[in-house]
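[1] Mind folding the following:
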Amino acid sequence: MSGGISATGYALSDLLLANSQQVSQRIATLTEQSSTGLIAQDYAGLGQGAATALDLQPQIARDQAIQTGIAAAAGPMGVAQTALSQIGTLATGIIAQLNTLNGLDASSVGSVAAAAQSALTQVAGLLDEQYGGSYVFAGQDSANPPVPNPGSILTSGFYAQISGAVGALPTAGATATAAATLAIAGSTSPGTTPFSATLESLAAAGDGRTTVETGPGQRVAGVMLANRNGDAASSGTSTTGSYMRDILRGLATVASLTPSSLSAGGFQALMQDTRTSLNDAVGAMSTDAGILGDRQTQLGKTATLIGDTATALGNQVADVTQANLAQTATSLSLANTQLQASYQLIAGLPKLSLVQYL
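    As a prediction, the model looks like this:
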């Protein structure tokens with residue numbers, strides 16, 4: 001009889017010990033979940049949820065990278081639009097003064113030229129606007145200024161050559177002078193162009209703008225280069241094909257006027273060409289700025305959509321990887337109670353009699 005009781009007691013003891021070990025392991029798992037907030041530290045511990053996490057996490061990471069790229073592009077785009085607006089204001093201000101030249105005397109030409117010199121220097125500086133330490137109009141060469149030494153543009157080869165052409169107006173005539181300034185403004189040669197050699201190379205190679213990823217295999221253009229139109233085409237008969245070159249040309253032409261220019265035979269014709277060219281350039285630039293603004297707005301909408309998608313996917317991953325802390329706390333408390341009960345039963349086994357057992 002006692003042997004039977006002993007055997008049964010050993011069997012029950014083994015069962016209780018095995019159960020307590022299982023409960024202890026359960027407590028360890030629940031304690032780790034409570035501490036980390038995660039169901040498991042590796043995919044193996046996620047069970048069927050591992051497939052969901054493995055499938056969705058790469059897409060979430062990709063979406064987050066796209067969001068980051070769009071956010072990084074928004075700043076330069078905003079700075080560029082502001083700079084283009086200021087350049088347009090400076091150019092239209094000079095256009096307005098050109099409209100009054102018919103009634104000016106020789107002494108007043110100097111004040112118009114001074115205003116154009118100031119505007120030219122300011123435009124050169126605006127083309128070197130930065131965001132986060134990067135030059136916004138420099139495209140893929142964003143570490144370097146598109147216009148080297150903008151504050152010295154009035155002593156540059158570009159300005160000197162434009163001034164020389166305008167100075168020859170009395171003998172060359174308006175047509176030849178306009179053609180000469182057009183050629184100078186369109187030149188990419190070092191010593192003539194006001195733009196950096198790298199920027200000229202990028203433009204010659206076919207744009208050189210930065211791009212922004214909007215989805216797998218999908219990208220849109222960022223800010224235009226200082227020396228090349230973005231999306232709008234220049235129009236008119238007196239254009240280099242680049243509205244910024246045309247603006248610099250027009251301002252430099254007016255900046256080179258002297259009191260004696262007023263008496264030159266081709267003065268009014270040259271001013272008409274300059275006024276028309278500047279108007280056309282400002283129009284093309286405004287169109288380009290508008291397109292850039294629309295693109296920035298669309299990028300913002302894209303980022304919001306991608307963010308919503310990433311959040312939804314993240315919630316799906318969280319469902320299979322993150323522990324329910326409230327439920328975990330309840331389960332942990334229950335497991336501790338179970339473990340204490342097991343220990344009490346194990347401790348009381350030697351005191352069991354056959355009658356107590358039955």
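[2] Look up phi and psi at the nearest residue to Thr193 once chain neighbours are set aside.
    Nearest non-adjacent residue to Thr193, counting by Cβ to Cβ, 6 or more residues apart in numbering: Ser187, 5.6 Å away. Using the backbone N, CA and C atoms, a C-beta is placed for each residue, glycine as well. The phi and psi values for Ser187, taken as degrees, to the nearest 10, are phi -70, psi 140.
[3] got it, and the one 4 residues further on?
    For Gly191, the backbone dihedrals are phi 90, psi -20 (criterion: degrees, to the nearest 10).
[4] Next, work out how far apart the spatially closest residue to it that is not a sequence neighbour and Pro148 are.
    Of all residues not flanking Gly191 in the chain, Gly157 sits nearest, at 4.4 Å (Cβ to Cβ, 6+ apart). For Gly157, the distance to Pro148 (Cβ to Cβ, to the nearest Å) stands at 11 Å.
[5] Check Ala252 too.
    For Ala252, the distance to Pro148 - Cβ to Cβ - is 16 Å.
[6] quick one: which of those two has more around it?
    Ala252 (30 against 16; other Cβ atoms under 10 Å).
[7] The more buried one contacts Ser163, doesn't it?
    Yes - using Cβ atoms under 8 Å, Ala252 is in contact with Ser163, at 7.4 Å.
[8] burial count for Ala176?
    15.
[9] Kindly apply the preceding question to Gly265 instead.
    Around Gly265 there are 12 residues (other Cβ under 10 Å).
[10] and what of Gly241?
    Counted with other Cβ under 10 Å, Gly241 comes out at 13.
[11] Chain neighbours aside, what residue packs nearest to it?
    Closest to Gly241 by Cβ to Cβ, 6+ apart is Ser234, at 5.4 Å.
[12] Make sure that neighbour is actually in contact with Met285.
    No - taking contacts as Cβ under 8 Å, Ser234 lies outside contact range of Met285: 9.0 Å.
[13] Overlap in contacts, the two.
    Shared contacts of Ser234 and Met285 (Cβ atoms under 8 Å, 6 or more residues apart in numbering): Tyr243.
[14] So between these two, which is more surrounded?
    Taking other Cβ under 10 Å, Ser234 and Met285 do not tie; Met285 has more neighbours (25 against 21).
[15] domains for this structure, by residue range?
    The chain breaks down by automatic domain parsing into domains covering 2-39+323-357, 72-312.
[16] could you pull out the strands for this protein?
    130-131, 134-135, 211-215, 218-221 (DSSP state E).
[17] With Leu15 as the reference, name the closest of the ones you listed.
    strand 211-215 (58.9 Å; Cβ to Cβ).
[18] And the closest one, what does it pack against?
    helix 49-98, strand 218-221, helix 267-321 (3 or more Cβ pairs under 8 Å, 6 or more residues apart in numbering; DSSP states H and E).
[19] Which among those is found nearest to Thr192?
    Of the helices and strands packed on strand 211-215, nearest to Thr192 by Cβ to Cβ is helix 267-321, at 18.3 Å.
[20] Tell me who's in contact with the residue nearest to Gly241.
    Thr240, Gly241, Ser242, Tyr243, Asp246, Asp280, Ala281, Ala284.
[21] Narrow these to those that are buried.
    Among the contacts of Ser234, those classed as buried by 16 or more other Cβ atoms under 10 Å are Thr240, Ser242, Tyr243, Asp246, Asp280, Ala281, Ala284.
[22] Mind putting those residues into TSV with pLDDT and distance to Gly139?
    Below are the buried ones among the contacts of Ser234 laid out as TSV (pLDDT from 0 to 100; distance: Cβ to Cβ, whole Å):
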residue	pLDDT	distance to Gly139
Thr240	97	18
Ser242	97	14
Tyr243	98	16
Asp246	98	19
Asp280	97	24
Ala281	98	20
Ala284	97	18
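[23] if we can go back for a sec, mutual contacts of Ala252 and Ser163, please.
    What both Ala252 and Ser163 touch, as defined by Cβ under 8 Å, 6+ apart, is an empty set.
[24] gap between Tyr159 and Asp128?
    Tyr159 is 16 Å from Asp128, by Cβ to Cβ.
[25] higher neighbour count, those two?
    Neighbour count, other Cβ under 10 Å: between Tyr159 and Asp128, Tyr159 has more, with 23 against 20.
[26] how near is that one to Thr258?
    In this view, Tyr159 and Thr258 are 14 Å apart by Cβ to Cβ.
[27] buried ones in stretch 126-136?
    Leu126, Leu127, Asp128, Glu129, Tyr131, Ser134, Tyr135, Val136.
[28] State the pair within those residues that is farthest apart.
    Top of the distance list for these (Cβ to Cβ): Leu126 and Ser134, 15.3 Å.
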